[in-house]
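> Give the three-dimensional model of this entry:
(one chain, ligands or ions: 1)
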Amino acid sequence: MTRPNDLLHTLRDDLEAPVAVRTFGSGWYSGFFALVAAIAGFGLVVALRWPGWFATPELEHYEQALWFRPLVHVVLIASYALALLSLLLRRRKIIGFSALAIGIAAALLGGADVSARETHDWGIFFGVDFFIVNLAATGLMFAPIERFWPHNAKQRLFRFEWREDLFYYLVSSMLVQIATYLALAPSSYINAHSDWFGTFRAAVSAQPWIVQFLEAMVITDFVQYWFHRAFHRVPFLWGFHAVHHSAQAMDWLAGARMHLVEVVLLRGVTSLPLLTFGFSPSVMQAYITMVYIYAGLVRAQSARRFGSLRARAGDAAFPPPASRHRGGSGGREFCDPLSLLGQALRHIPHAAGEMAGRIRDSAEDAAGLFAAAGLSVRE
Ligand SMILES: [Zn+2]
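Take a look at the predicted model:
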């Protein structure tokens with residue numbers, strides 16, 4: 001009798017198979033994409049069947065669209081076809097069978113035609129749909145970039161500790177509602193209790209769009225810098241932030257590795273000026289979209305810098321939690337924002353790298369901010 005644990009182990013083994021036995025034609029790629037499609041399809045069916053539990057309110061919006069259910073259907077069909085192809089091609093059947101089993105489970109739940117089983121709204125939901133959409137969007141955007149411009153040609157998607165990073169991704173997506181609520185609480189409170197601030201806000205939103213955009217960028221970057229610095233300097237905060245710096249391998253997925261307390265505080269604090277100063281909604285959305293794409297790009301590409309920085313600065317920039325290092329003298333990732341211009345003039349590439357690193361480090365999880373701003377803008 002095979003225990004579920006053994007099955008998972010075998011699956012993981014084959015996903016992490018050496019590159020030599022996962023070449024094109026070996027059934028690995030068809031199996032992998034079958035698995036991705038099956039999980040995405042299954043998650044969407046679950047979200048459609050129990051929207052009160054597993055879907056963000058946005059799903060209702062998309063569900064009305066003509067293309068949505070056919071898309072779910074196509075995803076599920078693709079997963080069956082690819083799973084069968086993988087089963088034909090691959091000697092080890094575990095990936096193909098896993099994909100097939102998940103796809104069949106989705107069909108048994110009702111497939112693309114599933115209707116909602118319970119409509120009661122208990123007020124709390126887990127963002128299964130958000131996790132799928134978020135992962136698919138970032139994965140489709142950044143996995144190919146990493147593939148074609150790799151920092152480490154040997155590093156694959158299923159690299160060291162990929163499961164840990166995927167888990168952080170899952171948790172922060174699933175808890176999108178509560179995290180967003182907590183992160184928005186301070187700005188909502190301020191917005192509700194600061195009518196005297198109205199003239200200031202009106203003045204801010206009356207400025208030209210591009211001026212607002214630049215201001216939002218400078219102010220948010222400034223806040224993020226001090227936020228990040230505090231998390232290195234204050235021992236209590238470093239306890240949370242050490243999680244983020246425990247990543248051994250860097251890619252687009254690794255940025256998700258962040259303590260939930262830090263996620264909430266980061267979003268809450270850095271979005272505070274953005275949400276309370278009266279910037280136009282379109283400015284906020286443009287800025288957050290830019291950060292979202294930029295942070296992922298930098299993360300995907302800056303792994304080269306990550307590697308050399310680790311080698312050069314070692315414990316200084318990436319201290320082991322036990323050392324209780326708090327940034328300080330060796331913290332190369334810090335540069336005074338006010339001297340940035342001076343640095344840039346002297347060493348433009350170097351300063352750009354530093355800034356990119358800072359943005360990567362502190363603008364992680366812009367996806368959450370994205371959701372936060374999206375929610376608040378609509379209100
Ligand atoms: Zn840090």
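
> need the longest helix for this structure.
helix 209-233 (DSSP state H).

> Go through it and flag the buried ones.
The neighbour-count check on helix 209-233 (16 or more other CB atoms under 10 Å) flags 212-213, 215-216, 219-221, 223-225, 227-232 as buried. Yep, even glycine has a C-beta here, placed from its N, CA and C like the rest.

> which of the residues in stretch 98-105 are buried?
Neighbour count says stretch 98-105 has Ser98, Ala99, Leu100, Ile102, Gly103, Ile104 buried, by 16+ other CB under 10 Å.

> So which of those are in helices?
Ser98, Ala99, Leu100, Ile102, Gly103, Ile104.

> And the residues you listed, which is closest to Arg163?
Ser98 (14.8 Å; CB to CB).

> so where is the stretch 151-300 of the chain shaky, pLDDT-wise?
In the predicted model of the stretch 151-300 of the chain, residues 151-157, 159-161, 172, 174, 176-177, 248-252, 255, 295-300 satisfy pLDDT under 70.

> for it, what spans make up the helices?
Using DSSP state H, counting those that start in this stretch, the helices of the stretch 151-300 of the chain run over 162-174, 176-192, 198-206, 209-233, 235-244, 260-276, 281-301.

> Please identify which of those is closest to Leu48.
Short answer: helix 162-174, nearest of those by CB to CB, at 16.6 Å.

> same for the closest one, what does it pack against?
Judged by 3 or more CB pairs under 8 Å, 6 or more residues apart in numbering; DSSP states H and E, the packing partners of helix 162-174 are helix 128-148, helix 260-276.

> just to revisit the earlier point, and the direction of the longest helix of the chain versus that of helix 260-276, what angle?
Following axes from the mean of the first three to the mean of the last three CA atoms, to 10 degrees, one obtains 150 degrees for the angle between helix 209-233 and helix 260-276.

> Next, count neighbours for Val283.
Neighbour count for Val283, taken as other CB atoms under 10 Å: 22.

> actually Ala38, not the one I wrote
There are 26 residues near Ala38, going by other CB under 10 Å.

> Report the angle between whichever strand or helix holds it and helix 128-148.
Per DSSP states H and E: Ala38 is located in helix 28-49. Helix 28-49 runs at 160 degrees relative to helix 128-148, counting by the same axes, to 10 degrees.

> Check which residues of the helix or strand following helix 28-49 are buried.
Per DSSP H and E, the first helix or strand lying C-terminal to helix 28-49 is helix 51-54. Neighbour counts over helix 51-54 (16+ other CB under 10 Å) mark Pro51, Trp53, Phe54 as buried.
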